[in-house]
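Enquirer: here's my sequence, what's the structure:
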Amino acid sequence: MKRWLWVIGLAAVAGVGIWWGMRPQPVPVETLALTAKPLRVTVEEEGKTRLRSRYVISAPVAGYMPRLRLKAGDAVKAGAVIAMLEPPRPLVLDARTLEQGNARVTAAERGLQVAQSRVATQGEQVRLAKAELDYWTQQREREERLRKSGDVAVSRLERTVADLRRAEATVAAAERGLATTEAEVEAAKAEVASARAALRQTAGAATGEGIPVVAPTGGRVIRLIRESEGVVSAGEALVELGDARAIEVVVEVLSADAVKIAPGMKVLLDRWGGSTVLEARVRMVEPGGFTKISALGVEEQRVRVVADLVSPEGEWAALGDGYRVEAAFVLWEGEKVLQASANAVFRMGDKWAVFVVEGGLARRREVTVGHRSGVAAEITGGVKEGEVVILHPDETVEEGKAVTSGKV
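Expert: Down below sits the predicted model:
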């Protein structure tokens, strides 16, 4: 009898052990109680700052520019002279060009000598013609006196007057020839000077006051495009000016997100290096988009959105042109919104649902979802504040399944 009692006892213990091992085990899950708290729906993208107005000052003409004394960050007043453009320096001549230049100088000097000799010859002709004119003038005066006394015939006087007219014409022609020859001498002198100037090899200081390059407006030097002295061409950029306090933020967003953004929308700027989150307002959404290749090699259609800073200047005084910021466009926000974690909500057909813990069991509950952010979803119906929902429900969580939870 005692032996059977031992057998029955062992069988009972084995049965209890089998039942305990075969009974359904609660599924361990993470849960979270629903609460009403602020919710914000945003579009987040990386952006950068830029000056609202910038001016690139360029050289109006080609010339030689001395080294600029300005530095990045220097203040410049409107109308201030940025640089003085001097005439270009002469070129250094090679041996062949030097010989050609010497030959041109020699030829010009010979031409000058020829012109000067012609002036001397022409001057002698003018003197001879004037002497002839004086003779016939005196001859006419004598014959006019004799004609009055009847000692000279009229025909003789007429021949003398004709000779006088020819002498006057000869003097006029000789003077015109002398003037022409003197002009040729001046031209020959100019040719000599030009040939000698072309022969100069020195790059000495240029003469003349030069042409000033003037700042069109006041501001600060943002960038020196050309600082060192040297020859500059017409239209070459020299200095970039701008108002360092007139800063705007430019963000390139996906075109699908750009249609949700409107002028006046609030923008939060974070991760710019400061300890505070800056606030800005959208001023403009550009009407045209462009294609950009992402870091993964995917073509994306993006649109530039421009926003103005509205935070006090003292909070963002350290920002400059081209600084990186993280921009969050606030599409919608609420102060007291019943919400669940985005990983607690799942699709059930064409509806949304969550698993609620009731009495240690998982109960599927259909819910109505409103606004959604990246981490939370607004719940407008189906559950109440304080109820506990399961996070990350997987295939092991089923309707009526026993669960053991750890709240987060």
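
Enquirer: how about the strands in the stretch 151-300 of the chain?
Expert: With strands called from DSSP state E, counting those that start in this stretch, the stretch 151-300 of the chain shows them at 211-214, 219-224, 230-232, 237-242, 247-254, 266-270, 278-293, 299-309.

Enquirer: over to the stretch 1-150 of the chain?
Expert: Assigned strands in the stretch 1-150 of the chain, in chain order: 27-33, 35-51, 54-58, 63-65, 75-76, 81-85 (criterion: DSSP E, counting those that start in this stretch).

Enquirer: re the thing from before, possible to save the strands of the stretch 151-300 of the chain as JSON lines with mean neighbour count, distance to Arg196 and mean pLDDT?
Expert: No exception for glycine: its C-beta is placed from N, CA and C like everyone else's. Shown next, in JSON lines, are the strands of the stretch 151-300 of the chain (neighbours: other CB atoms under 10 Å; distance: least, CB to CB, whole Å; pLDDT from 0 to 100):
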{"stretch": "strand 211-214", "mean neighbour count": "16", "distance to Arg196": "26", "mean pLDDT": "89"}
{"stretch": "strand 219-224", "mean neighbour count": "19", "distance to Arg196": "39", "mean pLDDT": "88"}
{"stretch": "strand 230-232", "mean neighbour count": "15", "distance to Arg196": "24", "mean pLDDT": "89"}
{"stretch": "strand 237-242", "mean neighbour count": "21", "distance to Arg196": "34", "mean pLDDT": "91"}
{"stretch": "strand 247-254", "mean neighbour count": "20", "distance to Arg196": "58", "mean pLDDT": "94"}
{"stretch": "strand 266-270", "mean neighbour count": "19", "distance to Arg196": "67", "mean pLDDT": "95"}
{"stretch": "strand 278-293", "mean neighbour count": "14", "distance to Arg196": "60", "mean pLDDT": "94"}
{"stretch": "strand 299-309", "mean neighbour count": "18", "distance to Arg196": "60", "mean pLDDT": "95"}
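
Enquirer: of all those, which one is nearest Gly79?
Expert: Among the strands of the stretch 151-300 of the chain, the nearest to Gly79 by CB to CB is strand 211-214 (5.9 Å).

Enquirer: so what's Ala262 closest to, chain neighbours aside?
Expert: Val282 (6.8 Å; CB to CB, 6 or more residues apart in numbering).

Enquirer: ok, now how distant is the one you found from Ala327?
Expert: Separation of Val282 from Ala327 (CB to CB, to the nearest Å): 10 Å.

Enquirer: which residues are in contact with both of those two?
Expert: Here Val282 and Ala327 share the contacting residues Val267, Ala307, scored by CB atoms under 8 Å, 6 or more residues apart in numbering.

Enquirer: would you map the helices across the stretch 1-150 of the chain?
Expert: For the stretch 1-150 of the chain, helices defined by DSSP state H, counting those that start in this stretch occupy the ranges 2-22, 95-149.

Enquirer: among these, which comes closest to Val277?
Expert: With CB to CB, the closest approach to Val277 among the helices of the stretch 1-150 of the chain belongs to helix 2-22: 56.0 Å.

Enquirer: low-confidence ranges, the stretch 101-250 of the chain, go.
Expert: Applying pLDDT under 70 to the stretch 101-250 of the chain flags residues 152, 200-209.

Enquirer: how is the protein carved up into domains?
Expert: Under the assignment automatic domain parsing, the domains of the chain span 24-39+336-407, 42-52+245-334, 61-86+207-242, 95-199.

Enquirer: make JSON lines out of the ones you listed and add distance to Ala11.
Expert: Listed next are those as JSON lines, based on distance: least, CB to CB, whole Å:
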{"stretch": "domain 24-39+336-407", "distance to Ala11": "24"}
{"stretch": "domain 42-52+245-334", "distance to Ala11": "64"}
{"stretch": "domain 61-86+207-242", "distance to Ala11": "92"}
{"stretch": "domain 95-199", "distance to Ala11": "123"}
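
Enquirer: Leu5: which of those is closest?
Expert: Per CB to CB, nearest to Leu5 of those: domain 24-39+336-407, 32.6 Å.

Enquirer: what about stretch 271-291, distance to the chain center?
Expert: 19 Å (CA atoms, centre = their mean, to the nearest Å).

Enquirer: may I have that stretch exported as CSV, CA atoms only?
Expert: Extracted C-alpha coordinates of stretch 271-291, given in CSV (Å, rounded to 0.1, in the frame of the first residue of the first chain):
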residue,chain,number,x,y,z
ARG,A,271,21.5,72.8,-34.2
TRP,A,272,23.1,76.1,-35.5
GLY,A,273,25.7,76.2,-32.7
GLY,A,274,23.8,78.3,-30.2
SER,A,275,22.1,77.2,-27.0
THR,A,276,18.6,78.4,-28.0
VAL,A,277,16.1,77.5,-30.7
LEU,A,278,15.6,80.4,-33.0
GLU,A,279,12.2,81.3,-34.6
ALA,A,280,11.7,82.4,-38.2
ARG,A,281,8.7,83.0,-40.5
VAL,A,282,8.3,81.8,-44.1
ARG,A,283,8.5,84.8,-46.4
MET,A,284,8.4,83.0,-49.8
VAL,A,285,8.1,79.6,-51.4
GLU,A,286,9.8,79.8,-54.8
PRO,A,287,7.4,78.9,-57.6
GLY,A,288,10.0,76.8,-59.5
GLY,A,289,11.6,73.5,-58.4
PHE,A,290,14.8,71.8,-59.5
THR,A,291,16.3,68.3,-59.6
